[in-house]
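Chemist: Any chance you could fold what I've pasted below:
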Amino acid sequence: MAEERFFFGAHAAIVDRGRVLILRRAPEMSYRPEAWDLPGGHLALGESVEECLIREVAEETGLAIEIERMLGLNKAIAEPYIQALYACRASGAPGPIRLRPREHTDARWVRFAELAGIGGLIPYLDAIIRRGWLDFLK
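Modeler: Predicted coordinates:
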């Protein structure tokens, strides 16, 4: 079997008072425009997975976070993406979300029951919900 290239990303389930933060991808995004996603992004050379996560969350939301634990690794079967998922919380009280307009157009804090029924979730987020990785939000 031939080896293929993969993108490796880190994503944060940032939890506050039983709710998780989700972001809507901008229409200009090449992968899954307008899908709901968790904050996070691709690992850069020279940084750890945790450093990537902290950097990406700060860039995408303006939030400083604390990583609590790893939830797992997700590999989409038909797509070249691997995501490391972490349970996180904002450092201190979460302030206002500051989005990068070319990356995200909306941010919502949602309860687990809302999340499962929102529709338009990016595939890995739908997969980890089905696997029970976010059941701690119930």
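Chemist: By residue count, what's the longest helix in the chain?
Modeler: Longest helix in the chain by number of residues, with DSSP state H as the criterion: helix 49-61.
Chemist: just checking, what packs against that one?
Modeler: strand 7-16, strand 19-25, strand 40-42, strand 65-75, strand 81-90 (3 or more C-beta pairs under 8 Å, 6 or more residues apart in numbering; DSSP states H and E). (C-beta placed from N, C-alpha, C; glycine too.)
Chemist: looking at these, which is closest to H104?
Modeler: strand 19-25 (4.3 Å; C-beta to C-beta).
Chemist: Can you give the strand pairings for the closest one, parallel or anti for each?
Modeler: Its sheet considered, strand 19-25 pairs with strand 7-16 (antiparallel), strand 36-37 (antiparallel), strand 104-111 (antiparallel) by DSSP bridges.
Chemist: List the contacts of the last one.
Modeler: In this case it means strand 104-111. Residues from elsewhere that reach strand 104-111 (C-beta atoms under 8 Å, 6 or more residues apart in numbering): 16, 18-27, 34, 37, 60-61, 97, 99, 118, 137.
Chemist: buried stuff in it?
Modeler: H104, T105, A107, W109, V110 (16 or more other C-beta atoms under 10 Å).
Chemist: Make a markdown table out of those residues and add pLDDT.
Modeler: Shown next, in a markdown table, are the buried residues of strand 104-111 (pLDDT from 0 to 100):
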| residue | pLDDT |
| --- | --- |
| H104 | 96 |
| T105 | 96 |
| A107 | 97 |
| W109 | 96 |
| V110 | 95 |
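Chemist: now those residues in TSV, with distance to R5?
Modeler: Below are the buried residues of strand 104-111 laid out as TSV (distance: C-beta to C-beta, whole Å):
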residue	distance to R5
H104	25
T105	29
A107	31
W109	35
V110	33
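Chemist: chain center to the host helix or strand of Y124, what's the gap?
Modeler: Remark: Y124 resides in helix 123-130, with elements defined by DSSP states H and E. Here the centre of mass of C-alpha atoms in helix 123-130, compared against the chain's by C-alpha atoms, centre = their mean, to the nearest Å, lies 11 Å away.
Chemist: List the buried residues in that helix.
Modeler: Across helix 123-130, burial judged by 16+ other C-beta under 10 Å covers Y124, L125, D126, A127, I128, I129.
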